[in-house]
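# this one's structure only:
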């Protein structure tokens, strides 16, 4: 298996632009997680899906952030409009089951907003 | 609210030493605890998963223990090697609320050749 796939690996954009991050979970996994990692706050869960349904989005910072999972093999995290404080590494992870199973992480997307 | 603490924040040891990394959590009602390693600029790699009913898990030179009642887990690395240099993170899922991992801030390990 190729593992969790994320794209792009690096994204540099200007403040105010829309950013879309993409994730393909491991085949057969039915839980998907979006995390953000910064030096100041460490690793934080933004949202997680189970069977394509958002279960907990309490970590989503504000309305500028939105996430979708249209099918079992694809998810997006969108930021609109982007701000410099959104600069971070965004990770996608997947697991099998209800969400308590072992999580497997993608390589991350490093986002820089200037 | 669950809080996860890892001590020490950084550790530097000579090659060949056995070492212990610590993870503490405030709410003992957990489903499981998972240890990860993160290399600079990379994603997280799962090392060991301990379910709440288990006391320890082993994989090669790694051994992780769990003491739920005291809110502690330790990751033991035997015969450390320079390739073990990385940041080690622990994460717990609590039984209250929805299932989500709460991560510690990590221990940055450097093994000197």
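Arrived safely. Being a predicted model, the structure only gives us computed values, none of them experimental.
# Now residue A:36: closest residue in space, sequence neighbours ignored.
residue A:88 (4.9 Å; CB to CB, 6 or more residues apart in numbering or on different chains). Where C-beta positions appear, they are placed from N, C-alpha and C, glycine not excepted.
# Equivalent analysis for residue B:99, please.
Closest to residue B:99 by CB to CB, 6+ apart is residue A:99, at 3.7 Å.
# Next: residue A:14.
That would be residue A:114: by CB to CB, 6+ apart, it lies 5.6 Å from residue A:14.
# element containing the residue nearest to the spatial centre of chain A?
For chain A, the residue nearest the mean C-alpha position is residue A:34 (3.2 Å; CA atoms, centre = their mean). If you go by DSSP states H and E, residue A:34 is part of strand A:31-38.
# shaky segments in chain A?
A:1 (pLDDT under 70).
# Spell out which residues of it are next to chain B.
A:4, A:33, A:42-45, A:48, A:55-56, A:59, A:91, A:93, A:98-108 (CB under 8 Å from any CB of the partner chain).
# returning to what we had before: roughly how far does the residue nearest to residue A:36 sit from residue B:76?
Note on residue A:88: its distance to residue B:76, by CB to CB, to the nearest Å, is 32 Å.
# Then residue A:101?
Distance from residue A:101 to residue B:76, by CB to CB: 24 Å.
# between the two, who's got more neighbours?
residue A:101 (20 against 15; other CB atoms under 10 Å in any protein chain shown).
# how near is that one to residue B:43?
From residue A:101 over to residue B:43 (counting by CB to CB), the distance is 18 Å.
# can you give me the strands for chain A?
A:5-7, A:10-13, A:19-24, A:31-38, A:42-50, A:53-56, A:65-71, A:74-79, A:88-95, A:104-105, A:109-113 (DSSP state E).
# ok, the fifth one: who's next to it in the sheet?
This points to strand A:42-50. strand A:31-38 (antiparallel), strand A:53-56 (antiparallel) (DSSP bridges).
# ok, now the first one?
Strands that pair with strand A:5-7, judged by DSSP bridges, come out as strand A:19-24 (antiparallel).
# which parts of the partner strand are buried?
Residues of strand A:19-24 classed as buried under the neighbour-count rule (16 or more other CB atoms under 10 Å in any protein chain shown) are A:19, A:21-24.
# what's the answer for stretch B:91-101, then?
B:91-94, B:99-101.
# what about that stretch, start to end distance?
6 Å (CA to CA, to the nearest Å).
# for it, the distance to its chain's centre please.
Remark: stretch B:91-101 is offset 16 Å from the chain centroid, using CA atoms, centre = their mean, to the nearest Å.
# Residues of chain B that sit close to chain A?
So chain B meets chain A at B:31-32, B:34, B:36, B:42-46, B:49, B:89, B:91, B:93, B:97-106 (CB under 8 Å from any CB).
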